[in-house]
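J.: structure for this input, please:
(one chain, ligands or ions: 1)
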Amino acid sequence: MHKVRVAVIGAGVWGETHAYLYHEHPSADLVAICDVDLERAERIAGRFGIGGVYTSHEQMLNEVPLDAVAVVTPDFAHVELAVDCANAGKHILLEKPLATTREGVGAIVRAVSENGVRLMVDFHNRWSPPFAVARQLLDDGELGDPVSAYFRLNDIKWVATDMLPWAARSSILWFLGSHSVDTLRWFFNDEVETVFSVSRSGVMKNLGVDTADIYHTILRFRRGGIASMENSWITPNANPCINDIKFNITGAKGMVNLDLSNNQMIERYTEVKADRPDVLVRHLIHGKAKGFAYESIRDFIDKLVSGQDFLVSLEDAANTSLVILAIMESAKTGKPVAVDYSY
Ligand SMILES: NC(=O)c1ccc[n+]([C@@H]2O[C@H](COP(=O)([O-])OP(=O)(O)OC[C@H]3O[C@@H](n4cnc5c(N)ncnc54)[C@H](O)[C@@H]3O)[C@@H](O)[C@H]2O)c1
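T.: The predicted model follows:
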């Protein structure tokens, strides 16, 4: 088979992460990049020597022979692009979440199914070594059947105030909560039946970003599993890790705890800062992309080549978005909400 000819739509922070991996992957050929902002697309094209630079994804899809497209645009701007790529017969690696509306979920699922293309959403937590090892312990039966879980996944304020110009058009639930829901569904190997969520606002609004600060959510799974998850973007900026991550899974025979924001494996102290450099998510070793954020992208290419199923199915991605919609409704109404899986 020829190399997978891939293009990236969205030349922002995470689009550059995708480009790095496709550029390095021996089975991928990074042939085009598209962004409505030409300067952004040109910068990444220059860095990786990409031949095709576009500001219109339609023009790119018409002109460039492609096998796959990575859609790496803001959370609210996935649907039209994913549908157009599917209609053009391209396989898709879509950044999380799949879509932020029920109609969007339906439109993508139908376009992918009708065109016979393959789509994976980049829920990269499944490639995170501590999570993958914990999941393996469950699979091996060492913990017994999962009974309950706790998942705290927060961002420092800077992510919403500085990194994402579109934070107010998303939500911490779409940006991080989608990872939480996907991870919990994966651990329980079950679908969420009912959610109850409470949210607060104020800190972000005072900082000029019109978005809720935090959601505390309880999820009940169909086979009885219960989980609580916390998602906020008001962790202080001095937190040594951009994320604040704590996880517990308790089974009938054992439990696992993860603390991924406070490991003391590597500490850096200078005159101006004290922190713990990333050696888990998106680091380079001798110039090679390492870390689970690269692994998921690498696996997308590997699975296109091998023909094996993706680790995250279309159903996983669709159901995760539908659970988030139920959480938002619960936070708004103050009532438990049964997840509506129709679209
Ligand atoms: N930043 C992260 O740490 C991170 C991590 C994982 C996943 N993600 C996900 O990746 C996606 C992108 O996030 P980001 O941080 O790179 O955002 P970003 O704002 O840095 O980049 C998004 C880019 O998309 C471009 N764009 C928007 N609409 C477009 C369109 N119709 N056609 C072409 N280009 C368009 C914008 O001009 C911008 O350059 C989001 O879904 C986000 O949740 C981000």
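
J.: the protein against the ligand: which residues are in contact?
T.: With CB under 6 Å from any ligand atom as the criterion, the chain meets the ligand at residues 9-15, 34-37, 40, 57, 72-75, 77, 81, 95-96, 164-165, 175. Every C-beta, even on glycine, is put in place using the N, C-alpha and C of the backbone.

J.: how about the host helix or strand of residue 316: buried residues?
T.: Taking DSSP states H and E as the criterion, residue 316 maps to helix 314-333. Neighbour counts over helix 314-333 (16 or more other CB atoms under 10 Å) mark 314, 316-328, 330-331 as buried.

J.: nearest to residue 44, of the residues you listed?
T.: Taking CB to CB as the measure, residue 44 lies nearest residue 317 of the buried residues of helix 314-333, at 25.4 Å.

J.: for that closest one, give me the pLDDT.
T.: With respect to pLDDT, residue 317 has a value of 98.

J.: which residues touch it?
T.: Shown in contact with residue 317 (CB atoms under 8 Å, 6 or more residues apart in numbering): 94, 96-98, 119-121, 123, 182.

J.: could these go into JSON lines alongside neighbour count?
T.: As requested, those are exported to JSON lines (neighbours: other CB atoms under 10 Å):
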{"residue": "94", "neighbour count": "28"}
{"residue": "96", "neighbour count": "23"}
{"residue": "97", "neighbour count": "29"}
{"residue": "98", "neighbour count": "28"}
{"residue": "119", "neighbour count": "27"}
{"residue": "120", "neighbour count": "24"}
{"residue": "121", "neighbour count": "29"}
{"residue": "123", "neighbour count": "24"}
{"residue": "182", "neighbour count": "25"}
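
J.: now the helices: where do they sit in the stretch 201-343 of the chain?
T.: For the stretch 201-343 of the chain, the helices defined by DSSP state H, counting those that start in this stretch occupy 203-206, 292-306, 314-333.

J.: how far does the first one sit from its chain's centre?
T.: To tie it back to what came earlier, the one meant is helix 203-206. 24 Å (CA atoms, centre = their mean, to the nearest Å).

J.: count the residues that sit near the residue in the stretch 201-343 of the chain that the ligand sits nearest to.
T.: Here the residue of the stretch 201-343 of the chain nearest the ligand is residue 293; by CB to the nearest ligand atom that distance is 6.8 Å. The local packing of residue 293 (other CB atoms under 10 Å) involves 22 other residues.

J.: that one: what's it in contact with?
T.: With contact taken as CB under 8 Å, 6+ apart, residue 293 is in contact with 17, 124, 281-282.

J.: of all of the stretch 151-300 of the chain, which residue lies closest to the ligand?
T.: Residue nearest to the ligand within the stretch 151-300 of the chain: residue 175 (5.3 Å; CB to the nearest ligand atom).

J.: tally of neighbours for the nearest residue to that residue once chain neighbours are set aside?
T.: The spatially closest residue to residue 175, leaving aside those adjacent along the chain, is residue 75, at 6.4 Å (CB to CB, 6 or more residues apart in numbering). Residue 75 has 20 neighbours, counted by other CB under 10 Å.

J.: residue 177 versus residue 75, what's the distance?
T.: Distance, residue 75 to residue 177, by CB to CB, to the nearest Å: 11 Å.

J.: one more: residue 214?
T.: Distance from residue 214 to residue 177, by CB to CB: 11 Å.

J.: tell me which of the two has more neighbours.
T.: Between residue 214 and residue 177, residue 177 has the larger neighbour count (other CB under 10 Å), namely 27 against 19.

J.: hmm, residue 229 and the more buried one touching each other?
T.: Yes. With contact defined as CB atoms under 8 Å, residue 177 counts as touching residue 229 (7.0 Å).

J.: anything in contact with each of these two?
T.: Overlap between the neighbourhoods of residue 177 and residue 229 consists of 153, 217, taking contacts as CB under 8 Å, 6+ apart.

J.: how about residue 81: what's its closest non-neighbour residue?
T.: With sequence-adjacent residues excluded and distances taken as CB to CB, 6+ apart, residue 81 is closest to residue 71, at 4.8 Å.

J.: and that neighbour, what does it touch?
T.: Applying CB under 8 Å, 6+ apart, we find residue 71 in contact with 9-10, 78, 81-82, 85, 92-95.

J.: if we go to 10 Å?
T.: Residues counted as contacts of residue 71 (CB atoms under 10 Å, 6 or more residues apart in numbering) are 7-10, 15, 18, 34, 57, 77-82, 84-85, 90, 92-95, 119, 121-122.
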